[in-house]
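> okay, predicted coordinates and the sequence, questions at the end:
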Amino acid sequence: MNLVKLNREFYLRDTLTVSKDLLGKILVCKSEDGVTKGRIVEAEAYIGPGDAASHAYKNLNSSRTAIQFGEGGYAYIYLIYGMYNCMNIVTSTYGRPESVLIRALEPIESIDIMEKRRGTNKLKNLCSGPGKLCQAMGISKSQYGIDLCGDSLYLEYDSLCKEPFQISTSKRINIAYAGEAKDYEWRFCVKDSIYLSVK
């Protein structure tokens with residue numbers, strides 16, 4: 001494979017477009033344990049301030065959401081339920097708090113490290129959810145705001161090969177509180193992937 005790191009321009013585009021284009025791209029995390037890689041198979045778009053499911057709804061700019069108000073290509077990582085990290089990719093341009101939640105990966109490199117971190121050898125269960133994939137990949141809140149154009153946490157693709165797959169579109173998950181936004185079909189998946197968080 002001729003792997004190339006995604007550049008800044010990739011992230012500065014329309015968030016729904018970026019969400020779809022992230023499918024099939026490879027998330028890379030370098031740590032003291034080694035280099036883990038997973039192919040993105042599921043992603044959700046969050047387009048604040050008009051999106052009631054977004055943390056930046058109504059332009060809420062706090063210590064938690066601040067990174068979203070900068071330019072695209074940075075990591076927005078937060079904790080849910082007091083124990084699980086979720087990784088989002090900031091998209092669009094400066095002053096537009098938009099992001100894409102990475103919901104599931106297909107594990108492709110250093111699977112032994114992922115298994116040790118997750119405490120399971122069930123391949124389909126290693127990265128089938130936002131909390132699971134962060135644990136498997138070694139992604140934590142310490143990487144909040146990290147530049148995805150850097151050298152420790154980034155995305156890459158094979159410039160010589162476009163993998164053929166269909167994209168399925170559906171409503172986002174676990175946002176029943178979000179009024180009409182709960183019905184926006186902003187969840188994008190590699191159709192028929194066995195690694196999705198929810199079928």
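Structure's in. What do you need?
> longest strand of this protein?
strand 34-47 (DSSP state E).
> for D14, phi and psi?
Taking degrees, to the nearest 10, you get phi -50, psi 130 for the backbone angles of D14.
> and the pLDDT at it?
pLDDT for D14: 97.
> which stretches of this protein form strands?
3-5, 26-31, 34-47, 75-80, 84-90, 98-109, 153-158, 167-170, 187-190.
> between the longest one and strand 75-80, how many degrees?
Between the direction of strand 34-47 and that of strand 75-80, the angle (axes from the mean of the first three to the mean of the last three C-alpha atoms, to 10 degrees) works out to 80 degrees.
> in strand 34-47, what's buried?
By neighbour count on 16 or more other C-beta atoms under 10 Å, the buried set for strand 34-47 is 36-47. Quick note: C-beta positions are derived from backbone N, CA and C, even for glycine.
> what's the angle from it to strand 84-90?
On the basis of the same axes, to 10 degrees, strand 34-47 is oriented at 70 degrees to strand 84-90.
> of the buried residues of strand 34-47, closest to V18?
Using C-beta to C-beta, A45 comes nearest to V18 of those, at 7.9 Å.
> same list (the buried residues of strand 34-47) but as TSV, adding pLDDT.
Output for the buried residues of strand 34-47, formatted as TSV (pLDDT from 0 to 100):
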residue	pLDDT
T36	98
K37	98
G38	98
R39	97
I40	98
V41	98
E42	98
A43	98
E44	98
A45	98
Y46	98
I47	97
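> on that earlier part again, for the longest strand of the chain, name the packing helices and strands.
helix 15-22, strand 26-31, strand 98-109, helix 111-118, helix 130-137, strand 187-190 (3 or more C-beta pairs under 8 Å, 6 or more residues apart in numbering; DSSP states H and E).
> and of the ones you listed, who's closest to S62?
strand 98-109 (14.3 Å).
> partner strands of the closest one and their direction?
strand 34-47 (antiparallel), strand 84-90 (antiparallel) (DSSP bridges).
> what about the spatially closest residue to A136 that is not a sequence neighbour, how many neighbours?
With sequence-adjacent residues excluded and distances taken as C-beta to C-beta, 6 or more residues apart in numbering, A136 is closest to M114, at 3.9 Å. When neighbours are counted by other C-beta atoms under 10 Å, M114 registers 26.
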